[in-house]
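[1] sequence first, then the predicted structure:
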Amino acid sequence: MAKRIINFNPGPAALPLPVLEQIKDEFLDYRNTGMSIIEISHRSKPFEEALNQAVERTRRLLHLGDDFHVVFVQGGASLQFCMIPMNLALEGKPVDYLNTGTWSNKAIKEAKTLGKDVRVIASSEDRGFSYIPKAFQVDPNASYLHFTSNNTIKGTQWAEFPKAGEVPLICDMSSDIMSRPFDAKPFGLIYAGAQKNIGPAGSAMVILRKDMLDRVPASLPSMLKYTTFTGENSLYNTPACFVIYTVSLVLKWLEETVGGLEKMEKINREKADILYGFIDGSDFYRGTAEKDSRSLMNVTFRLPSEELEAKFVADASKAGLGGLKGHRSVGGCRASIYNAIGIDEVKNLVDFMADFQKKAS
Ligand SMILES: Cc1ncc(COP(=O)(O)O)c(C=O)c1O
């Protein structure tokens, strides 16, 4: 029996155990091919089935209409930071960004590097990115409005998405995709590095409204154009086969075992309520995100001293609770409670936290 820990890593992160077990069971002989999924051709029927499953399940889970493409693009979420302005910024029209932390900042930097007319229309930098901005004015002439739905490092999340009228929303959903249902209609493009809520590292899922493709400049190199990926069902070149296959299994688990995104959101809320409730009731732990901006996925908190934080992370690890160290840029502690983390596992963490507090006080 493999010895597994409770994995609170921010990404790559915990995946549902039944998915890992299925991968293990069918690894050496995938669907009677006599080969593993990482040895078969990306043009073979069994792989194409996995790819199509991943796409169809995404469509169903997010209730996407026929006006959306779902593709997989290598290069992680970070490549999207530059592909978006390259492909979707319109001549003579600004690109609007909301700055809620490290990842939004990186997206902004790439758009600026490309010489686009970048307008940062709101930022939460004044209070260390501990909140989600409420007041901002989107330029009705903007090419798009970019935002990060969940800020993995600072532990904040948009509870409701920004409104931008006719201006298409573009969203980095890397750390909360498939954690809750939402209306995709106002979105021109949604992207997510796979390695948090939907699979292993190596690819980004990109959901693209078809009318966005009219903007793609013909002059771009093939691998940087969205039309290359949409035109060939993500098979222009060899895609990240193992990632796509795993995503198809995670989404199957979401649909068939969890029962869809409404149910997933309910579980995610319950998990977050348990953890934040405990933190709020303690004078030892302190949440770092402002209450109305808290993330349901990444719960960030501090202890009374850095020494205690280091001991907390080390003791937790010894007790089989891994990945609780905050991002290196901010310190403190962080519990990432993505879809694959269950309610009991969060209760386990809370028990450990209570015990640690008792011993330290
Ligand atoms: C919100 C968000 N965006 C982007 C990234 C970068 O993703 P990648 O490593 O796939 O480029 C991360 C990684 O943690 C993230 O949390």
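    That came through, no problem.
[2] Val243 versus whichever residue of the stretch 101-250 of the chain sits closest to the ligand, what's the distance?
    Nearest residue of the stretch 101-250 of the chain to the ligand: Gly193, at 2.8 Å (CB to the nearest ligand atom). Backbone N, C-alpha and C define where each C-beta goes, glycine included. Here Gly193 is placed at a distance of 10 Å from Val243 (CB to CB, to the nearest Å).
[3] give me the common contacts of the two.
    Listed as contacting both Gly193 and Val243 by CB atoms under 8 Å, 6 or more residues apart in numbering are 201, 203.
[4] between these two, which is the more surrounded one?
    Neighbours per residue (other CB atoms under 10 Å) separate Gly193 from Val243, with Gly193 holding more: 29 against 23.
[5] what pLDDT is listed against the more buried one?
    Looking at Gly193, its pLDDT is 98.
[6] ok, and the closest non-adjacent residue to it?
    Ala77 (3.8 Å; CB to CB, 6 or more residues apart in numbering).
[7] surely the one you found touches Asp172?
    Yes - between Ala77 and Asp172 a contact is recorded at 6.0 Å, counting by CB atoms under 8 Å.
[8] between these two, point out the one with more neighbours.
    For Ala77 versus Asp172, neighbours defined as other CB under 10 Å are more numerous around Asp172 (30 against 26).
[9] tell me what that one is bridged to.
    Judged by DSSP bridges, the bridge partners of Asp172 are Thr148, Tyr191.
[10] correct me if wrong: it contacts Ser78.
    No - here Asp172 does not reach Ser78: they are 9.9 Å apart, not a contact under CB under 8 Å.
[11] flag every residue of this structure that's near the ligand.
    11, 76-78, 103, 148, 152, 172, 174-175, 193 (CB under 6 Å from any ligand atom).
[12] what about the longest helix in the chain?
    helix 261-280 (DSSP state H).
[13] returning to that earlier point: quick one, what contacts the residue of the stretch 101-250 of the chain closest to the ligand?
    Neighbour list for Gly193: 11, 76-78, 174, 201, 203-204 [criterion: CB under 8 Å, 6+ apart].
[14] what about those residues, which one has the most neighbours?
    That'd be Ser203 among these, by other CB under 10 Å, with 29 neighbours.
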